[in-house]
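S.K.: Next comes the sequence, and after it the predicted model I'd like to discuss.
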2 protein chains.
Amino acid sequence: MKIIVIGASGLIGSAIVSALTPRHEVIAASRKSATHPVDITDKASIAKLFAGLGTFDAVISAAGGAAYRPLADLTDADFAMSLGYKLMGQVNLARLAVGHLSDGGSITLTTGVYAKEPPPNAAAIAMVNSGVNGYVIGAAGELPRGIRINAVSPPLVGPFRLNAAASRVECMTPEDVALAYVEAVEGRSTGRVIDTRSYARRT
Amino acid sequence: MKIIVIGASGLIGSAIVSALTPRHEVIAASRKSATHPVDITDKASIAKLFAGLGTFDAVISAAGGAAYRPLADLTDADFAMSLGYKLMGQVNLARLAVGHLSDGGSITLTTGVYAKEPPPNAAAIAMVNSGVNGYVIGAAGELPRGIRINAVSPPLVGPFRLNAAASRVECMTPEDVALAYVEAVEGRSTGRVIDTRSYARRT
């Protein structure tokens, strides 16, 4: 498959690229990319990226930020950034990808377990993660030509595992999280919010 | 209690006002109100309404629209309207209410079962309903002075019950849906998404 990974330079994105590369043609796009730059907050930038790539079989977004701040400190600008970046950035990516995906192709977006299990300071994150999940559930049944759409919902991701005794925060390695994206692309699911904690390998 | 109902002229809003009036001081606000006009898409309009009402014990929003259109027909303007009205209109109402609510007061917003069970044409609705639910879940733990926040999630509401044999759509009366808002205001819940189908009275 020809697979576009957006946010490919990030912790999760680079693990997705590594996981897919042995079996697929992977095109790595990101804000910083010299060859495939894209800013998902700018619809024209997404359109330009896709226009240069011809038809592809899957697009994965591991991009999108949102404000992590105490509720009382969240500003109008924090909400606008969160909506424009993690929510509409990814929704616009999904909307624009449809015209470029092959029959039976797939769209995979990124949300997070903070949609339903937010710690303090994550109200705006919970809002946009939940919004993306809702869009995925709503859009799945209306996509043409067998195109699928799913959201992957990771917990906190890091290169280390937090000591469970010291923190309630669950932490997964990017390599384990990437398995859920592989499953979303290679499998047949649609309209799912995939909790990556099912993919945590015991060590 | 002194309770502000926003969207009080609507099908659900007027049923909420009727249900609360026997036991509480209810102030009915809506776009069309002569005495308490408010447009929740305009933060200044919400601030002006609250400034004229002193301290209150609860605010209920039964306001907020979103685009109901086929996925392929949803425009940038449809998404912007949906985000500004049902999502950020209600989130801004919640944010601004905090400074006016008494200790232990409550905020109740409206979402809908289309957040998780959307029919065709409801991708934008699923997105914003889910976004409001996420905000409620995220904000609940960070509100000061015992202030509570919940979302009420009704199915299709009408003055009639659809024939179950003729349609999968569930329909509730506004009077039954209003019971969930009463419970949200008079009860002790916070951070909940209340599915009003639990409140359907068998007839």
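M.R.: Noted; the coordinates are in hand. Because the structure is a prediction, the values reported are computed rather than measured. Numbering: from 1, shown residues only, chains lettered A, B, ... in the order given.
S.K.: Who are the packing partners of the longest strand seen in chain A?
M.R.: Counting residues, the longest strand in chain A under DSSP state E turns out to be strand A:101-110. Applying 3 or more CB pairs under 8 Å, 6 or more residues apart in numbering or on different chains; DSSP states H and E, one finds that strand A:101-110 contacts strand A:56-61, helix A:88-97, helix A:123-140, strand A:148-153, helix A:174-186. For glycine as for every other residue, the C-beta is placed from the backbone atoms N, C-alpha and C.
S.K.: which other residues reach the second one?
M.R.: If I follow you right, that is helix A:88-97. A:6, A:40-41, A:43, A:46-47, A:50, A:59, A:61, A:63-64, A:107, A:109-110, A:132, A:135, A:139, A:149, B:74, B:79, B:83, B:127 (CB atoms under 8 Å, 6 or more residues apart in numbering or on different chains).
S.K.: Please read off the pLDDT at residue A:158 from the model.
M.R.: For residue A:158, the model assigns a pLDDT of 79.
S.K.: whoops, residue A:200 was the one
M.R.: Residue A:200 is given a pLDDT of 82.
S.K.: Give the burial count for it, as a bare number.
M.R.: 18 (other CB atoms under 10 Å in any protein chain shown).
S.K.: Residue A:96 too?
M.R.: The burial count for residue A:96: 18, using other CB under 10 Å.
S.K.: how close does it get to chain B?
M.R.: With distances taken as CB to the nearest CB, to the nearest Å, residue A:96 is found 11 Å from chain B.
S.K.: One more: residue A:22?
M.R.: Applying CB to the nearest CB, the value for residue A:22 to chain B is 34 Å.
S.K.: Mind checking the pLDDT average for stretch A:24-43?
M.R.: Mean pLDDT, stretch A:24-43: 98.
S.K.: Buried residues in that stretch, which are they?
M.R.: A:24, A:26-30, A:36, A:38-41, A:43 (16 or more other CB atoms under 10 Å in any protein chain shown).
S.K.: What of stretch A:101-111?
M.R.: For stretch A:101-111, the neighbour count (16+ other CB under 10 Å) marks A:101, A:105-111 as buried.
S.K.: and which of the residues you listed is nearest chain B?
M.R.: The closest of the buried residues of stretch A:101-111 to chain B turns out to be residue A:111 (CB to the nearest CB; 9.5 Å).
S.K.: one step back: which ones among the buried residues of stretch A:24-43 come in contact with chain B?
M.R.: Filtering these for proximity to chain B (criterion: CB under 8 Å from any CB of the partner chain) leaves residue A:43.
S.K.: Looking at the buried residues of stretch A:24-43, which are in helices?
M.R.: residue A:43 (DSSP state H).
S.K.: Now tabulate the buried residues of stretch A:101-111 in JSON lines and tack on pLDDT and distance to residue B:184.
M.R.: As requested, those are exported to JSON lines (pLDDT from 0 to 100; distance: CB to CB, whole Å):
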{"residue": "A:101", "pLDDT": "98", "distance to residue B:184": "42"}
{"residue": "A:105", "pLDDT": "98", "distance to residue B:184": "43"}
{"residue": "A:106", "pLDDT": "98", "distance to residue B:184": "39"}
{"residue": "A:107", "pLDDT": "98", "distance to residue B:184": "36"}
{"residue": "A:108", "pLDDT": "98", "distance to residue B:184": "36"}
{"residue": "A:109", "pLDDT": "98", "distance to residue B:184": "31"}
{"residue": "A:110", "pLDDT": "98", "distance to residue B:184": "32"}
{"residue": "A:111", "pLDDT": "98", "distance to residue B:184": "26"}
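S.K.: related to what we said a few turns ago, can you tell which of the helices and strands packed on strand A:101-110 is closest to residue A:10?
M.R.: helix A:174-186 (8.7 Å; CB to CB).
S.K.: and residue B:175, which of the helices and strands packed on strand A:101-110 is closest to it?
M.R.: Among the helices and strands packed on strand A:101-110, helix A:123-140 comes nearest to residue B:175, with 27.7 Å by CB to CB.
S.K.: quick one: that closest one to strand A:101-110, angle?
M.R.: If you take axes from the mean of the first three to the mean of the last three CA atoms, to 10 degrees, helix A:123-140 sits at 160 degrees to strand A:101-110.
S.K.: distance of residue A:53 from chain B?
M.R.: For residue A:53 relative to chain B (CB to the nearest CB), the value is 21 Å.
S.K.: what about that residue, which SS state?
M.R.: Three-state assignment for residue A:53 (DSSP: H, G, I helix; E, B strand; the rest coil): coil.
S.K.: is it true that it touches residue A:99?
M.R.: No. In terms of CB atoms under 8 Å, residue A:53 does not count as a neighbour of residue A:99; the distance is 11.6 Å.
S.K.: contacting residues for residue A:154?
M.R.: With CB under 8 Å, 6+ apart, residue A:154 has these contacts: A:12, A:110, A:112-113, A:172, A:177, A:180, A:196.
S.K.: Quick check: of those residues, which lies closest to chain B?
M.R.: residue A:112 (10.5 Å).
S.K.: Before we move on, what's the pLDDT of that closest one?
M.R.: If you check residue A:112, the pLDDT there is 96.
S.K.: Disregarding residues adjacent in the polypeptide, which is nearest to it?
M.R.: Leaving aside its sequence neighbours, residue A:112 sits nearest to residue A:129 (CB to CB, 6 or more residues apart in numbering or on different chains; 4.9 Å).
S.K.: Quickly note the distance from the one you found to residue A:5.
M.R.: Computed with CB to CB, to the nearest Å, the distance linking residue A:129 and residue A:5 is 20 Å.
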